[in-house]
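> Fold the following for me, if possible:
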Amino acid sequence: MAAILSVSGSPSPTSRTTRLLRHVDDRLRRQGHEVTPLEVRSLPPEALLGADFAHPAITAATELFAQADGVVIGTPVYKAAYSGLLKSLLDLLPQYALTGKTVLPLATGGSTAHVLAIDYALRPVLSSMGAAHIVQGWFTLDKDIAAEGGASPVTPAAALALEQVTDQFSDALGGRTGRLAAAG
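Prediction:
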């Protein structure tokens, strides 16, 4: 199957966005994909803010993007846009770091007023970076993501919607057979 990089652009150590991503990662693994998580907040702040392209952590992150067939990008929405932390990383990647990649954009936020942030803020950047295919993204309300613990990190309605977009992403990567395995 495909190698997938799952990127959390949340600055919070108790991130709902990261919990949402790990839920999606689990489904992708059940479909047979190899998933590598990357939390941007774990990268050195001085490298991100100082635009240190040569920092070993930044070069390692750049290599993770290069090795991936597909990328899941998750971000909280702040002021109607993706997080500044995610922007810091994207700015340090090569101009066409997503060339040939299938990308699934996911966003979280406190209000449905931010639903369009995926299409109007994040999608243009991903497209400018050469993404071959950006599948339909999904916005999940914070209230539909458990803060911590529990049997499922998301409500049943959110889980169903995430299954659909995750399956579309997997299909775009050529994972139809993995999808059947996840259903079984």
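> what's the spacing between residue 45 and residue 132?
Per Cβ to Cβ, to the nearest Å, residue 45 is found 31 Å from residue 132. The C-beta positions use only the backbone N, C-alpha and C, and glycine is treated the same way.
> no no, residue 62
When residue 62 is compared with residue 132 (using Cβ to Cβ), they lie 18 Å apart.
> more neighbours, the two?
residue 62 (16 against 13; other Cβ atoms under 10 Å).
> Name the SS class of the residue nearest the centre of the chain, please.
Nearest to the geometric centre of the chain sits residue 73, at 2.0 Å (Cα atoms, centre = their mean). Using DSSP: H, G, I helix; E, B strand; the rest coil, the structure places residue 73 in strand.
> Let me know whether it touches residue 122 as I believe.
Yes: taking contacts as Cβ atoms under 8 Å, residue 73 lies within contact range of residue 122: 7.0 Å.
> residues shared between the contacts of those two?
The contact sets of residue 73 and residue 122 overlap at residue 105 (Cβ atoms under 8 Å, 6 or more residues apart in numbering).
> distance of residue 17 from residue 98?
19 Å.
> what does the lengthiest helix in the chain rub up against?
Ranked by residue count and defined by DSSP state H, the top helix of the chain is helix 156-172. Contact partners of helix 156-172, identified using Cβ under 8 Å, 6+ apart, comprise 2, 20, 23-24, 27-28, 31, 33, 70, 72, 102, 104, 106, 133, 135-138, 140-141, 144-145, 152, 154, 176, 178-179.
> Doesn't residue 96 belong to a strand?
No: checked against three-state DSSP, residue 96 lies outside a strand; its state is coil.
> can you map out the strands along this structure?
Remark: strands assigned in the chain by DSSP state E are 3-8, 34-39, 70-78, 81-82, 102-109, 133-134, 138-141.
> would you list the ones you listed in a markdown table and tack on distance to residue 159?
As requested, the strands of the chain are exported to a markdown table (distance: least, Cβ to Cβ, whole Å):
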| stretch | distance to residue 159 |
| --- | --- |
| strand 3-8 | 17 |
| strand 34-39 | 18 |
| strand 70-78 | 15 |
| strand 81-82 | 23 |
| strand 102-109 | 13 |
| strand 133-134 | 22 |
| strand 138-141 | 10 |
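> Make CSV out of these and add distance to residue 126 and mean pLDDT.
As requested, those are exported to CSV (distance: least, Cβ to Cβ, whole Å; pLDDT from 0 to 100):
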stretch, distance to residue 126, mean pLDDT
strand 3-8, 11, 98
strand 34-39, 15, 98
strand 70-78, 7, 97
strand 81-82, 10, 95
strand 102-109, 5, 97
strand 133-134, 5, 96
strand 138-141, 14, 96
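> of the ones you listed, which approaches residue 89 most closely?
Distance to residue 89, taken as Cβ to Cβ, is lowest for strand 3-8 among those, at 7.6 Å.
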